[in-house]
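Asks: Sharing a sequence plus its predicted fold:
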Amino acid sequence: MGLAYNVMDKKRPAVFLDRDGVLTEEKGYVSAINELCIFAYAGECIAKIREKGYYSIVITNQSGIARGLFTENDLHEMNQYLQDAIGIDAVYYCPHHPEGTVTQYKKTCECRKPGIGLLKQAQRDFNIDMSRSYMIGDRASDIVAGQKAGVKTILLESGYGTAKLEAEVSPDYVCNDLRDVVAIL
């Protein structure tokens, strides 16, 4: 008698993506849907990532909530718009910042990149094979988070990129934008 196999038990890799500078234009604190400018190529790239068998999961710091610039409801609307527009599997966000002005969000936490709390939560929620996964971002905190989580890292020039890194990092790859990433996977 053969061993029963449940397809849902099989781990899949993920491509974890920062939002601003990766999927959308980097504009500082985006506080409403009408300010969220999705790169024209983002949807096609997400489709190709998913065709290659990866989950596409956004991991984003959103300290504008802690700073009182927009609410979690505003962010939920932006996240839903992003998911509907380009077909990502999920969005995980950190609303916290230790220097925030909104008391409930003013704190240091493990979910804020370079912490890996959000990546670990996504790993549990989606049964992700981290050894075959990637973290893609445009800042040092994205790269450090990916390295701490044990995934390959890709730094993109489409946002802050190498010219504005807040710390020295050594990503596995440096690419112009998300279109270049698809060839690496």
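Replies: That came in fine, so what should we check first?

Asks: Model confidence score at residue 28, please.
Replies: We have a pLDDT of 89 for residue 28.

Asks: Actually, residue 10.
Replies: Note on residue 10: pLDDT of 81.

Asks: For residue 126, see how far away it is.
Replies: 12 Å (Cβ to Cβ, to the nearest Å). Glycine gets a C-beta too; all of them are placed from N, C-alpha and C.

Asks: Quick check: next helix or strand after the longest strand along the chain?
Replies: Under DSSP state E, the strand in the chain containing the largest number of residues is strand 55-61. The C-terminal neighbour of strand 55-61 among helices and strands, as given by DSSP states H and E, is helix 72-86.

Asks: What helices and strands are in contact with the longest strand of the chain?
Replies: If you count contacts as 3 or more Cβ pairs under 8 Å, 6 or more residues apart in numbering; DSSP states H and E, strand 55-61 packs onto strand 14-17, helix 42-51, strand 90-94, helix 117-126, helix 140-149.

Asks: hmm, 10 Å instead?
Replies: The helices and strands touching strand 55-61, judged by 3 or more Cβ pairs under 10 Å, 6 or more residues apart in numbering; DSSP states H and E, are strand 14-17, helix 42-51, helix 72-86, strand 90-94, helix 117-126, strand 134-137, helix 140-149.

Asks: From the chain's centroid, how far away is the third one?
Replies: I take that to be helix 72-86. Relative to its parent chain, helix 72-86 has a centroid offset of 14 Å by Cα atoms, centre = their mean, to the nearest Å.

Asks: The nearest residue to residue 50 once chain neighbours are set aside and residue 179, how far apart?
Replies: Take residue 50 and drop its neighbours on the chain: the residue closest to it by Cβ to Cβ, 6 or more residues apart in numbering is residue 56, 5.9 Å away. The gap separating residue 56 from residue 179 is 14 Å, by Cβ to Cβ.

Asks: Looking at those two, which is more packed in?
Replies: residue 56 (23 against 16; other Cβ atoms under 10 Å).

Asks: and residue 178, how many neighbours?
Replies: Using other Cβ under 10 Å, residue 178 is surrounded by 23 other residues.

Asks: Is it in contact with residue 49, as I believe?
Replies: Yes - under the criterion of Cβ atoms under 10 Å, residue 178 makes contact with residue 49 at 8.6 Å.

Asks: Find the residues that touch each one of those two.
Replies: 15, 17, 136 (Cβ atoms under 10 Å, 6 or more residues apart in numbering).
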